[in-house]
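>>> sequence and predicted model, in that order:
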Amino acid sequence: MAPFTAIFFGALFINVIATFRSSVLWNKYKHFFGFSRSSADSLVTDKNSAESRAKHSALMKKYLAVYLLAVFSDWLQGPYVYALYDAYGFTQHDIAVLFVAGFGSSMVFGTFMGGLADSCGRKKFTIFFAIVYALSCITKHFKDFGILMLGRLLGGVATSLLFSVFDSWLIKSHAEEGISAMLSKSFSTAQYGNSIMAISAGLIANRAASLTELKPVSNEGDILYAGGYLYPFDLALIALVFVGIFAFLFWGENHGGDKSEEEGQTQKRKHWYDGFVNAYFTTIHSKQILFTGLISSLFEGSMYIFVFMWTPAMQAKIKGDIPFGLVFATFMVACMAGSSIFSIAIGSMKNEKIGVYALAFATGTFFLMALAPSDTLCMFAFLLFEMTVGLYFPMMGTMKSVIVPESKRAAIYNLYRIPLNFIVLFSLLTDLTPRTSFFLCTGMLATATFLQTRVVNYQSTYYSTRDEEDDLEKGDNTSKPLLKNAEINDNESQEMEGEPEKKALVSMSPGKKD
């Protein structure tokens with residue numbers, strides 16, 4: 001059996017080194033390790049002026065207070081959804097139907113919610129997310145298939161908002177504060193915190209679920225239940241209440257586009273689904289936006305398949321008991337190390353290039369998973385993939401902030417989740433072996449790597465944190481460089497928002513050159 005404890009401490013050691021190297025402490029103490037201050041460091045220091053750092057710190061405190069509680073509530077629930085349904089006595093088929101309903105809800109209802117969030121306000125929809133997800137937690141107390149189905153539908157809507165509205169609010173807030181050049185750092189910090197929340201939630205939920213047994217509230221009926229596996233959902237409910245309160249108190253409202261654009265968009269919109277329609281036409285007429293969506297769907301789809309398959313893959317190689325809690329904690333430590341490595345790499349490499357290397361590396365890890373002859377080598381491949389997950393999310397968050405037009409950001413982010421949900425549904429409804437699934441993910445990620453190279457080739461006009469050095473040396477931290485291409489895409493997409501007849505004619509014509 002693989003030495004899981006030794007592997008955990010090895011991953012923790014690597015994470016500590018990567019975290020120190022990516023922190024501000026490195027510049028202060030690196031001379032002890034024989035490193036001197038370089039011109040690149042001077043550039044970064046000038047870029048992150050005292051005023052910009054103060055703005056960034058204040059913004060991130062407000063954002064993380066809400067975001068980390070939101071992901072904490074999500075992590076609390078994850079391990080116990082299936083266990084709760086099983087404890088209620090539902091069949092495998094019933095449980096599969098409930099899971100499919102959740103992903104289907106995210107795919108259908110979530111798509112339109114993004115457009116509404118862009119027009120009505122991201123802060124409002126963050127509070128709406130907290131309310132909807134809290135209601136989903138409440139439904140878990142009922143041993144009734146119809147009520148649980150309602151909870152899954154609500155949970156699907158909430159999940160789509162979690163992965164779109166929060167990022168959209170953060171990106172627009174950076175632009176309003178003139179600190180868009182610091183977005184990469186913000187996404188890296190958020191991903192690092194997300195991993196910490198995952199570990200904390202796993203430990204707390206495990207302790208809470210073991211306090212009492214799951215049992216009916218009244219002896220007279222068995223519909224309303226409490227205790228046991230429901231405690232993690234109760235804790236998530238409490239966290240979500242604070243998500244809504246903190247968002248209401250600390251966040252300012254922002255929309256897609258500036259005030260004049262918002263008024264123009266409001267006048268143009270005649271139907272509640274116009275946001276989705278405009279986002280669709282914007283996406284299909286820009287290769288950069290389309291490729292970015294396909295890349296995110298392919299990588300995140302592979303990640304979901306990995307979540308479903310790593311347990312049976314390990315069980316096939318190990319006959320004894322597997323310390324699942326320790327393994328999961330090791331995964332999250334590796335993910336934290338990946339986000340720290342991103343923070344290091346972004347100082348000397350274009351964000352989009354980091355994406356190419358991360359996706360290519362992830363492709364290799366799945367190929368290794370499929371062919372690994374031993375549990376130790378398989379575990380090693382798992383950890384390498386989790387490290388690429390830590391690299392991927394801040395990279396993709398930064399890339400989408402550049403490419404996706406602000407006025408339709410949340411709508412397009414939810415549009416990206418449609419192929420992702422199809423991939424997840426496919427993995428749920430087919431009976432693939434772990435080995436076959438890993439080979440499938442290898443092909444998906446190889447395709448994503450190819451598309452990422454195409455995006456890099458299209459980005460001759462794009463900017464990342466290392467471009468426009470003259471501006472950075474002068475301390476120019478405005479949002480103009482980083483958001484230049486998003487503004488271009490926004491202007492181009494507005495041309496597509498004419499009458500439906502015009503859109504239909506354009507969609508039938510040859511694709512424009514990007």
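All right, it came through fine.
>>> flag the shaky bits of the stretch 1-150 of the chain, pLDDT-wise.
Confidence mapping of the stretch 1-150 of the chain against pLDDT under 70 gives the ranges 1, 31-48.
>>> repeat that with 90
Residue ranges of the stretch 1-150 of the chain with pLDDT under 90: 1-5, 20-53, 78-79, 82-83, 86-87, 91-93, 95-96, 99-100, 103-104, 106-120.
>>> swap in the stretch 251-400 of the chain?
254-286, 308, 311-312, 314-326, 346-349, 373-375.
>>> now the helices for it?
259-268, 274-284, 287-317, 324-345, 351-371, 375-403 (DSSP state H, counting those that start in this stretch).
>>> what is the burial count for Thr5?
11 (other Cβ atoms under 10 Å). Heads up, the C-betas are built off the backbone N, CA and C, glycines and all.
>>> now swap in Gly146 and tell me
Neighbours of Gly146 under the rule other Cβ under 10 Å: 9.
>>> distance of it from Ser106?
Taking Cβ to Cβ, to the nearest Å as the measure, Gly146 falls 20 Å from Ser106.
>>> and Asn27, by the same measure?
Distance from Asn27 to Ser106, counting by Cβ to Cβ: 42 Å.
>>> who has more neighbours, the two?
Ser106 (28 against 13).
>>> enumerate every residue touching that one.
156-157, 159-160, 417, 421 (Cβ atoms under 8 Å, 6 or more residues apart in numbering).
>>> element containing the residue lying closest to it once chain neighbours are set aside, please.
Spatially, and ignoring its direct neighbours in sequence, Ser106 is nearest to Gly156 (3.8 Å; Cβ to Cβ, 6 or more residues apart in numbering). Following DSSP states H and E, one finds Gly156 within helix 145-162.
>>> and that helix, what's buried?
For helix 145-162, the neighbour count (16 or more other Cβ atoms under 10 Å) marks 148-162 as buried.
>>> give me the mean pLDDT for the following helix or strand past that helix.
As assigned by DSSP H and E, the chain's next helix or strand after helix 145-162 is helix 165-177. In this model, helix 165-177 has a mean pLDDT of 93.
>>> what's the angle from helix 165-177 to helix 145-162?
Angle between the axes of helix 165-177 and helix 145-162 is 20 degrees (criterion: axes from the mean of the first three to the mean of the last three Cα atoms, to 10 degrees).
>>> with just CA atoms, put helix 165-177 into PDB.
Provided in PDB are the C-alpha atoms of helix 165-177 (Å, rounded to 0.1, in the frame of the first residue of the first chain):
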ATOM      1  CA  VAL A 165     -21.400  35.800 -10.500                       C
ATOM      2  CA  PHE A 166     -18.600  35.900  -8.000                       C
ATOM      3  CA  ASP A 167     -15.900  36.100 -10.600                       C
ATOM      4  CA  SER A 168     -17.900  38.600 -12.600                       C
ATOM      5  CA  TRP A 169     -18.200  40.900  -9.500                       C
ATOM      6  CA  LEU A 170     -14.500  40.600  -8.700                       C
ATOM      7  CA  ILE A 171     -13.300  41.400 -12.200                       C
ATOM      8  CA  LYS A 172     -15.600  44.500 -12.500                       C
ATOM      9  CA  SER A 173     -14.600  45.700  -9.100                       C
ATOM     10  CA  HIS A 174     -10.900  45.500 -10.000                       C
ATOM     11  CA  ALA A 175     -11.700  47.500 -13.100                       C
ATOM     12  CA  GLU A 176     -13.600  50.200 -11.200                       C
ATOM     13  CA  GLU A 177     -10.700  50.500  -8.700                       C
END
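>>> quick check: buried residues in that helix?
165-175, 177.
>>> got the phi and psi for the closest residue to Gln315 other than its chain neighbours?
Among residues not flanking Gln315 along the chain, Ile322 sits closest, at 6.8 Å (Cβ to Cβ, 6+ apart). Dihedral pair for Ile322: phi -110, psi 130, per degrees, to the nearest 10.
>>> got a list of what Ile322 touches?
4, 311, 314-315.
>>> just give me the residue closest to the centre of this structure.
Centroid-nearest residue in the chain: Phe163, 5.4 Å away (criterion: Cα atoms, centre = their mean).
>>> that one contacts Arg417, doesn't it?
Yes - assessed by Cβ atoms under 8 Å, Phe163 is found in contact with Arg417 at 6.8 Å.
>>> ok now stretch 444-454, how far from the chain's centre?
Chain-centre distance of stretch 444-454: 19 Å, with Cα atoms, centre = their mean, to the nearest Å.
>>> need the contact partners of it.
With Cβ under 8 Å, 6+ apart, stretch 444-454 has contacts from 287, 291, 294-295, 298-299, 301-302, 352, 355-356, 359-360, 362-363, 366, 423.
>>> quick one: Ile403 and Asn414, what's the gap?
Distance of Ile403 to Asn414, given as Cβ to Cβ: 16 Å.
>>> what about these two, which has more around it?
It is Asn414, of Ile403 and Asn414, that has more neighbours when counted by other Cβ under 10 Å, with 29 against 24.
>>> before we move on, which element is the more buried one in?
Here Asn414 is assigned to helix 409-429, by DSSP H and E.
>>> buried stuff in the helix or strand following that helix?
Under the assignment DSSP H and E, the closest C-terminal helix or strand after helix 409-429 is helix 434-458. Using 16+ other Cβ under 10 Å as the test for burial, helix 434-458 gives 434, 437-442, 444-446, 448-449, 451-453, 455-456, 458.
>>> about what we covered before: ok, of the contacts of Ile322, which one's closest to Phe128?
Distance ranking of those against Phe128, using Cβ to Cβ, places Thr311 first at 33.8 Å.
>>> residues in contact with the closest one?
Contacts of Thr311 by Cβ under 8 Å, 6+ apart are 322, 324.
>>> and the gap between it and Tyr82?
Separation of Thr311 from Tyr82 (Cβ to Cβ): 11 Å.
>>> residue contacts, the closest residue to Leu429 other than its chain neighbours?
For Leu429, ignoring the flanking residues on the chain, the nearest one in space by Cβ to Cβ, 6+ apart is Val100 at 7.1 Å. Counting by Cβ under 8 Å, 6+ apart, Val100 touches 425, 428-429.
>>> help me confirm that Val100 is found in a strand?
No - per DSSP: H, G, I helix; E, B strand; the rest coil, Val100 lies outside any strand segment and is helix.
>>> list phi and psi for Tyr225.
phi -120, psi 160.
>>> returning to what we had before: ok, the contacts of Ser106 vs Val71, which is closest?
Using Cβ to Cβ, these come closest to Val71 at Thr159, 11.1 Å.
>>> hmm, that closest one is touching Met113, no?
No - under the criterion of Cβ under 8 Å, Thr159 makes no contact with Met113, lying 10.7 Å away.
>>> which ones are touching Pro3?
Per Cβ under 8 Å, 6+ apart, neighbours of Pro3: Thr376.
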